[in-house]
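Colleague: sequence below, structure please.
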Amino acid sequence: MPYVLGIDIASTRTTAATCVDSGDGWGAPEPSWLGARGPAAASAVFLDDDGYLLTGDAAVEAGRSAPARLLTGFHERVGDDVPVIVGGERFPPESLSAVLVDAAVDQAAERFGEKPRHIVLTHPAGWGSFRRDLLRRALAEAGFPRAALVAAPVAALHAYLAPHGGVTAGVCEFGPDGAVVTIAAAGVNGWQPVKTVEGVEPAEAVGKVFELAHGAGIPPQALAGIVLCGEAPPVPGRTPCPLFASSDPVLTVATGAANIAARRDVPQPGGAASNAVATIETTLLPRVDVPEELTERPERPPVDITPFPLPERTGAAKLLSRRKPLVAGAAVVVLAASTLLLTLTTREATADKGPEAPPTTSSSCAPPTPGATPSTPEGRC
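Modeller: Numbers count the residues shown, from 1 in each chain. Next up is the predicted model:
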């Protein structure tokens, strides 16, 4: 069954959502179960001594006994000159992000029996072209050259609001380091971020949206709405514009990413649908490239961006967990122990038995006199 996949890699957790084409069009996004106890999984990778990879909650669990091999916080380090080091090896951060994408794709493929038709991956709003290009190359090396990248607040808006009418809306992303507040305007290329502020106190996030809108000459009541996502706290009181928050705001960004992936197959106004998959920057979808900016960093020597070579993949079981070979080995040990126990038990039961007594023969012969030698084997009659 054709489907598309949206993935959101946040600082502490990874979420994903799918849209399925049932033949009558794309259905509503549904969460893809990544975690051990819920749809969200930890944004973590664990590298064991044998070179196998664990991701998500399984990685965190394995890291309890070997914390030096547990990797977290690498997605924010994409573009950093300092690589991630584990087990004496150096890995570019973007390669570890690609591992999480690969794990989410394998989870979805296991459920639907095939790979997704399109993949949309989100990234922080503050990323420029340098970081996006690094992540694209890592995704291409991992087998996803057509994955599209979209800013997280843009994906969050697509969970609730269509980008038309020249309207402006706000997004509040709540995380462990405070809230990231963004206002975006709808244009011909979809939602475009106008202004982003990081490190906002969660209780002040909604007010910060109104402040940014006022600075752009937009009154609060003119906003199309404010989308709350992540670990969103309750917002007391009434607001001059609509607030959008699902029962599980952690899934909002991934849900919007899945909506964007589904719309890549929808005919755009003024032309028929095309089978070609264009990059996000050349379609009517949310545009992520911005004019040349000096906020990235000055020119530096070339960086070695060779992605971390993954172990040979033979399916999700080998990539995501090393439990399968361990369980198989345990089964062999149990079988050998059972066979040995059965053999010992049989020998012990045989050793306890004495020589089998001959059958008693009824005879009318008198027993032989003690000390006398019988003339025949039958005794004396």
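Colleague: every contact and neighbour count from this point should use C-alpha atoms.
Modeller: Fine.
Colleague: looks to me like Val60 is in a helix.
Modeller: Yes - Val60 forms part of a helix when assessed by DSSP: H, G, I helix; E, B strand; the rest coil.
Colleague: what is the burial count for it?
Modeller: Burial of Val60 is recorded as 23 neighbouring residues (other Cα atoms under 10 Å).
Colleague: now do Pro92
Modeller: Residues near Pro92, counting by other Cα under 10 Å, number 26.
Colleague: so what's the closest residue to Ala68 other than its chain neighbours up against?
Modeller: Leaving aside its sequence neighbours, Ala68 sits nearest to Val86 (Cα to Cα, 6 or more residues apart in numbering; 7.0 Å). Applying Cα atoms under 8 Å, 6 or more residues apart in numbering, we find Val86 in contact with 47, 68-69, 71.
Colleague: identify the farthest-apart pair in those.
Modeller: Leu47 and Ala68 (9.5 Å; Cα to Cα).
Colleague: which one's more surrounded, these two?
Modeller: Leu47 (20 against 13).
Colleague: correct me if wrong: that one contacts Thr55.
Modeller: No - counting by Cα atoms under 8 Å, Leu47 sits too far from Thr55 to count as a contact (9.0 Å).
Colleague: how much space between Ala155 and Leu251?
Modeller: For Ala155, the distance to Leu251 (Cα to Cα, to the nearest Å) stands at 11 Å.
Colleague: the two: who's more crowded?
Modeller: Ala155 (30 against 26).
Colleague: quick check: the more buried one touching Pro124?
Modeller: No - using Cα under 8 Å, Ala155 is not in contact with Pro124, being 10.7 Å away.
Colleague: using the record's domain definitions, break the protein down for me.
Modeller: Following automatic domain parsing, the chain resolves into domains at 1-159+247-296+312-333, 163-245.
Colleague: end-to-end on the last one?
Modeller: Right, the one you point to is domain 163-245. Domain 163-245 has an end-to-end distance of 18 Å (criterion: Cα to Cα).
Colleague: when you compare pLDDT across the contacts of Val86, which one is lowest?
Modeller: The pLDDT minimum for the contacts of Val86 sits at Leu47, where the score is 86.
Colleague: state the distance from the closest residue to that residue other than its chain neighbours to Leu100.
Modeller: Nearest non-adjacent residue to Leu47, counting by Cα to Cα, 6+ apart: Leu53, 5.0 Å away. Separation of Leu53 from Leu100 (Cα to Cα) stands at 10 Å.
Colleague: again with Val188
Modeller: 32 Å.
Colleague: these two - which one has more neighbours?
Modeller: Shown here are Val188 and Leu100; by other Cα under 10 Å, Leu100 has more neighbours (24 against 15).
Colleague: contact partners for the more buried one?
Modeller: With Cα under 8 Å, 6+ apart, Leu100 has these contacts: 14, 43-45, 55-56.
Colleague: likewise for Pro202?
Modeller: Contact partners of Pro202, counting by Cα under 8 Å, 6+ apart, are 174, 178-179, 232-233.
Colleague: let's see that with 7 Å instead.
Modeller: Neighbour list for Pro202: 174, 178-179 [criterion: Cα atoms under 7 Å, 6 or more residues apart in numbering].
Colleague: hmm, back to that, mean pLDDT for the domains of the chain: which is lowest?
Modeller: Averaging pLDDT over each of the domains of the chain puts domain 1-159+247-296+312-333 lowest, since it has a mean of 79.
Colleague: tell me where the chain has helices.
Modeller: 56-63, 93-112, 129-141, 152-158, 205-215, 252-263, 316-320, 323-351 (DSSP state H).
Colleague: who touches stretch 14-26?
Modeller: So stretch 14-26 is in contact with 1-9, 27-32, 34, 39-43, 251, 254-255, 258, 262, going by Cα under 7 Å, 6+ apart.
Colleague: oh sorry, the question was meant for stretch 180-195
Modeller: Outside stretch 180-195, the residues that touch it by Cα under 7 Å, 6+ apart are 153-154, 163-164, 166-174, 196-200, 205, 208-209, 213, 284-287.
Colleague: neighbour-wise, which of the contacts of Leu100 leads?
Modeller: Of all these, the highest neighbour tally under other Cα under 10 Å goes to Thr55, namely 29 neighbours.
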